[in-house]
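Colleague: Build me a model:
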Amino acid sequence: MAIAEREDNDDESEFEVFQENWQAVMDFVRLRRCWRIDRFTNICDGLDRLAIESTLRMMGIKKRKRPEILQKLEIMEDAALPILNI
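Modeller: This next block holds a predicted model:
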C-alpha cells in the first residue's frame, strides 16, 4: 500500500491507497478540473468522458489498461457526486 497525503496537512490528511489503485487515484486527481456542471442548476453531472480519454492517452496509459482505470474512476466519481451536489 502507498500512503497519500492531502495538501491541507490536518490530522485526517493521510490515507492508504492499494498499489493496484494508485494509477486510477492519480488520474482522478489529474481530472479534478474536468467535472461537467449544468450551467442552469449548478448540479455536477460527473467527469467529462472526453477529458478522461484524452488524459489517459496523454499520460501514456496503454489502451488495454484504460477500461480498468475507467471502471475505477467511475467508482470514485460515484462516491464524489453526492458530496459535490450537497
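
Colleague: From the centroid of this protein, which residue is nearest?
Modeller: By CA atoms, centre = their mean, the mean C-alpha position of the chain lies nearest to F28, the distance being 2.1 Å.

Colleague: quick one, helices of this protein?
Modeller: Counting by DSSP state H, one finds helices in the chain at the ranges 22-30, 49-58, 66-84.

Colleague: Those: which one's closest to I43?
Modeller: helix 66-84 (8.8 Å; CB to CB). Just so you know, the C-beta spots here come from the backbone N, C-alpha and C atoms, and that holds for glycine as well.

Colleague: So which bits of the closest one are buried?
Modeller: Across helix 66-84, burial judged by 16 or more other CB atoms under 10 Å covers R66, I69, L70, K72, L73, M76, E77.

Colleague: any idea of the pLDDT on S13?
Modeller: Looking at S13, its pLDDT reads 74.

Colleague: Over to M59?
Modeller: M59 is assigned 96 on the pLDDT scale.

Colleague: residues near it, how many?
Modeller: The burial count assigned to M59 is 12, neighbours taken as other CB atoms under 10 Å.

Colleague: Backbone dihedrals for it, both of them.
Modeller: Reported as degrees, to the nearest 10, the phi and psi values for M59 are phi -80, psi 0.

Colleague: isn't it right up against R30?
Modeller: Yes - contact criterion CB atoms under 8 Å: M59 and R30 qualify, at 7.2 Å.

Colleague: Output the below-cut-off pLDDT ranges for this structure.
Modeller: Where the chain drops to pLDDT under 70, the residues are 1-12.

Colleague: Provide the contact partners of stretch 45-52 at residue level.
Modeller: If you take CB atoms under 8 Å, 6 or more residues apart in numbering as the criterion, stretch 45-52 is touched by D27, L31, C34, W35, R36, I37, D38, L70, L73, E77, L81.

Colleague: try 7 Å
Modeller: Residues outside stretch 45-52 that contact it (CB atoms under 7 Å, 6 or more residues apart in numbering): L31, C34, W35, R36, D38, L70, L73, E77, L81.
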